[in-house]
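[1] give the three-dimensional model of this entry:
(one chain, ligands or ions: 1)
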Amino acid sequence: MPGRPIVISGPSGTGKSTLLKKLFAEYPDAFGFSVSHTTRKPRPGEVNSKDYHFVTVDDFQGLIARDGFIEWAQFSGNYYGTSIAAVKDVSDLQKKTCILDIDMQGVKQVKKTDLNARFLFLAPPSIDDLKSRLVGRGTETDESIQKRLAAAEQELAYAEEKGAHDKIIVNDDLEKAYRELKEFVTAELQ
Ligand SMILES: Nc1ncnc2c1ncn2[C@@H]1O[C@H](COP(=O)(O)OP(=O)(O)OP(=O)(O)O)[C@@H](O)[C@H]1O
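    Have a look, this model is predicted:
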C-alpha cells in the first residue's frame, strides 16, 4: 500500500534533488513523481502520459478553471503544471508514494486540496552555506543567485510558522540528512 503523498520543499540549493536522487536509486519501486501537464508539442521519443500529459491550451485552461492544478506556470509561451489527478494516479494506478518537489506557493496550494499530504522541509545550515552551494553548483548567474536567496528568506520564515511542515531536516551533513529523510518518507510504507 502506498503512503500519503509527500511534499518536499526548501530553498533552491538546499539539496532536494541530491537527496531525492539517492532515495529513488535505493527505492525504485516505492516512490514516484507525478506526470506534469504541458501544452508544448512532444519531442521525438516522448510518450504521452509518461513524459508529460500533452494537452491543448483549451484543455489546460479548462483545468485551471476547474481548480485542477496544484501549481502551474507559463514558460516561453507554453503552459506547464502539476494536476491533483496526476498526483492521485501515482498512488492509485502506480501504487507508489508520490513525492512532490515544490516551492512554498505549491505547499500552500497542496494544503487546500484533499491530497492529505505530509510536508517535509529541507533547510540549509545557514544562508551563507546556501549561497556557497548555489555558487558551487555553477548553474546560476549572480542575478539568479540573488533571487534564490531572497526567496530562501521567505521559505525559511514560512517554515517557522506553526504547522507549516510535519518535519524539518537541516542538510548540514548529507548522510545524516539522508537517514532522516529516509526515516520520514518510509514511515508509512507497508
Ligand atoms: N549536505 C551537503 N553538504 C554540502 N553540499 C551539499 C549538501 N547537499 C547538497 N549539496 C550540494 O549543494 C548543491 C545544491 O544541491 P541540489 O542541486 O540538490 O539543490 P536543490 O534543493 O535540488 O536545488 P533546486 O531547488 O534549485 O533544484 C549541489 O551542488 C549539491 O552537490
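[2] what about the helices in the chain?
    Remark: helices assigned in the chain by DSSP state H are 16-26, 57-65, 84-92, 104-111, 127-137, 142-159, 174-185.
[3] go through those helices and name the closest to Gly77.
    Taking C-beta to C-beta, helix 57-65 is the member of the helices of the chain nearest to Gly77, at 10.0 Å. Bear in mind the C-beta positions are built from the backbone N, C-alpha and C, glycine included.
[4] which neighbouring elements make contact with the closest one?
    On a contact count with 3 or more C-beta pairs under 8 Å, 6 or more residues apart in numbering; DSSP states H and E, helix 57-65 meets strand 69-75, strand 78-83.
[5] and these: which comes nearest Asp101?
    So among the helices and strands packed on helix 57-65, strand 78-83 is nearest, using C-beta to C-beta, at 10.0 Å.
[6] Ala30: how many residues sit nearby?
    Using other C-beta atoms under 10 Å, Ala30 has 17 other residues around it.
[7] correction: the previous question concerned Ser132.
    Ser132 has 12 nearby residues by other C-beta under 10 Å.
[8] how about the residues of the chain near the ligand?
    10, 12-18, 133, 136-137, 171, 173-174, 177 (C-beta under 6 Å from any ligand atom).
[9] deepest-packed of the helices and strands packed on helix 57-65, please.
    Neighbour counts (mean count of other C-beta atoms under 10 Å) averaged over each of these peak at strand 78-83, with a mean of 20.
[10] output that strand as CSV, nothing but the C-alphas.
    C-alpha atoms of strand 78-83 as CSV (Å, rounded to 0.1, in the frame of the first residue of the first chain):
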residue,chain,number,x,y,z
ASN,A,78,3.8,27.1,-23.1
TYR,A,79,1.9,26.1,-20.0
TYR,A,80,3.2,23.6,-17.5
GLY,A,81,1.5,22.3,-14.4
THR,A,82,1.1,19.6,-11.8
SER,A,83,-2.5,18.4,-11.5
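[11] many thanks, I have nothing further to ask.
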